[in-house]
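S.K.: what's the 3D shape of this:
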Amino acid sequence: MRFGVLGPLAVWTSEGRPVRVPEVKVRSLLADLLIHAGRVVPADRLIDDLWGEALPANPAGALQTRVSQLRRALEDAEPGVGRALVVSRTPGYVLQVAPDAVDTGRFLELTARARSTAEPRARAALFADALALWRGEVLADFADEEFARPEISRLTELRLTVLEEQAEARLESGDHALLADELGDLVARHPLRERLRAAQLRALYRAGRQSEALESYGVLRAQLADELGLDPGPELVALYESILRQDAELAGPPVPAPAAAGNLPAALGELVGRESAVAEVGQLLAEGRLVTLTGPG
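M.R.: The predicted structure follows:
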């Protein structure tokens, strides 16, 4: 069974069929357990997260009812597996799943692989695979719940960091022309992120759009002054000055040329069990320059 929090809460069977988890409190319980997947969440905390000050008459009994409903929903979807995932363990409950059963676990695994990959194009591809797991805003259906906000903030910030790392990897691989356009919307949504802005400035400059790079820096400097009373950081200032000077080190790697299409057909597999035929063809070629072969393939 697989679970998703990188978007609205979602559950799928191991075959990929969506699992319906009914009732808001049961879904809230699952979301809370997923945020702490593999770790025990105390019953008192679950009760506070689910009901806050509007406690039911019997909070412990109400929580046990929701746990039973969650187990039943998971078990109905995948008999023999679902019920065992929600484990009672003092002082509360734990969702006992492998890290890669939750999309956050797969996201972290792919980003770790990307960061350990030296070749920039392969690194950018792994970052892209990680980002493709996102289906929308983290736990979008629980954005107003207090228990979900820290995890929503953490994962949202992590996604932005990965987007910045991916942009830098693409710059290293010479993909600046496309990147210069793609970063525009992202920078507009997060205008004060200096690392992201730096990637955009480099991409614009390498794409031959120096004036736009300088203009983007000016926009950031004005926004920082107006909103925070700050100046750009020293690294961004140094990048801006390098752009003004048109430093050679800003040129970056050349754009990779597409592989040329060859005229030769794709290589075929070896001939198996045709030793006598191969010998005959060899003899014919020894006697003449041209031999015609007919047959499948």
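
S.K.: Which parts of the stretch 1-150 of the chain are helices?
M.R.: Along the stretch 1-150 of the chain, the stretches classed as helices by DSSP state H, counting those that start in this stretch are 24-35, 43-51, 59-77, 103-115, 120-131, 149-172.

S.K.: any idea which of those is most buried?
M.R.: Scoring the helices of the stretch 1-150 of the chain by mean neighbour count under mean count of other C-beta atoms under 10 Å gives helix 24-35 as the most buried, with a mean of 21. Backbone N, C-alpha and C define where each C-beta goes, glycine included.

S.K.: picking that back up, please name whichever of the helices of the stretch 1-150 of the chain is nearest to residue 223.
M.R.: Residue 223 sits nearest to helix 149-172 of all those, at 17.0 Å, using C-beta to C-beta.

S.K.: model confidence over the closest one, on average?
M.R.: Confidence over helix 149-172, taken as the mean pLDDT, stands at 98.

S.K.: Now do it against helix 103-115, angle only.
M.R.: 30 degrees (axes from the mean of the first three to the mean of the last three C-alpha atoms, to 10 degrees).

S.K.: so how far is helix 149-172 off the chain centroid?
M.R.: 9 Å (C-alpha atoms, centre = their mean, to the nearest Å).

S.K.: which secondary structure elements does that helix contact?
M.R.: For helix 149-172, the packing partners by 3 or more C-beta pairs under 8 Å, 6 or more residues apart in numbering; DSSP states H and E come out as helix 103-115, helix 120-131, helix 176-189, helix 194-206.

S.K.: Turn those helices into JSON lines, including distance to residue 167.
M.R.: Output for those, formatted as JSON lines (distance: least, C-beta to C-beta, whole Å):
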{"stretch": "helix 103-115", "distance to residue 167": "13"}
{"stretch": "helix 120-131", "distance to residue 167": "9"}
{"stretch": "helix 176-189", "distance to residue 167": "6"}
{"stretch": "helix 194-206", "distance to residue 167": "4"}
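
S.K.: still on that earlier bit, of all the helices of the stretch 1-150 of the chain, which one comes closest to residue 242?
M.R.: Nearest to residue 242, of all the helices of the stretch 1-150 of the chain, is helix 149-172, at 14.2 Å by C-beta to C-beta.

S.K.: thinking again about what came up before, rebuild the helices of the stretch 1-150 of the chain as JSON lines, extending it with distance to residue 247.
M.R.: Putting the helices of the stretch 1-150 of the chain into JSON lines (distance: least, C-beta to C-beta, whole Å) gives the following:
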{"stretch": "helix 24-35", "distance to residue 247": "46"}
{"stretch": "helix 43-51", "distance to residue 247": "53"}
{"stretch": "helix 59-77", "distance to residue 247": "58"}
{"stretch": "helix 103-115", "distance to residue 247": "28"}
{"stretch": "helix 120-131", "distance to residue 247": "21"}
{"stretch": "helix 149-172", "distance to residue 247": "15"}
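
S.K.: So for residue 18, which of these sits nearest?
M.R.: Comparison of those against residue 18 by C-beta to C-beta identifies helix 59-77 as nearest, at 8.9 Å.

S.K.: that older thread, out of the helices of the stretch 1-150 of the chain, which comes closest to residue 89?
M.R.: Minimum separation from residue 89 across those (C-beta to C-beta) falls at helix 43-51, 10.3 Å.

S.K.: Contacts for the closest one next, please.
M.R.: Taking contacts as C-beta atoms under 8 Å, 6 or more residues apart in numbering, the residues outside helix 43-51 that touch it are 25, 28-29, 32, 55, 59-60, 62-63, 66, 91-93, 145-147.

S.K.: ditto for stretch 94-111
M.R.: Surrounding stretch 94-111, the residues in contact under the criterion C-beta under 8 Å, 6+ apart are 1-6, 30, 33-34, 36-41, 84-87, 126-127, 129-130, 133-134, 155, 158, 162, 165.

S.K.: do that again at 7 Å, thanks
M.R.: 1-6, 33-34, 37-41, 85-87, 126-127, 129-130, 133, 155, 162 (C-beta atoms under 7 Å, 6 or more residues apart in numbering).

S.K.: For it, list the C-alpha coordinates in PDB.
M.R.: Taking C-alpha atoms only, stretch 94-111 is exported to PDB below (Å, rounded to 0.1, in the frame of the first residue of the first chain):
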ATOM      1  CA  VAL A  94       2.200   4.300  14.900                       C
ATOM      2  CA  LEU A  95       1.800   3.900  11.100                       C
ATOM      3  CA  GLN A  96       4.200   1.100  10.400                       C
ATOM      4  CA  VAL A  97       5.200   1.500   6.700                       C
ATOM      5  CA  ALA A  98       8.500   1.500   4.800                       C
ATOM      6  CA  PRO A  99       9.900   4.900   3.900                       C
ATOM      7  CA  ASP A 100       9.300   4.400   0.200                       C
ATOM      8  CA  ALA A 101       5.700   3.600   0.800                       C
ATOM      9  CA  VAL A 102       5.100   7.300   1.400                       C
ATOM     10  CA  ASP A 103       5.800   9.800  -1.500                       C
ATOM     11  CA  THR A 104       7.900  11.900   0.900                       C
ATOM     12  CA  GLY A 105      10.200   9.000   1.400                       C
ATOM     13  CA  ARG A 106      10.700   8.500  -2.300                       C
ATOM     14  CA  PHE A 107      11.200  12.200  -2.700                       C
ATOM     15  CA  LEU A 108      14.000  12.300  -0.100                       C
ATOM     16  CA  GLU A 109      15.600   9.200  -1.600                       C
ATOM     17  CA  LEU A 110      15.700  10.600  -5.100                       C
ATOM     18  CA  THR A 111      17.100  14.000  -3.900                       C
END
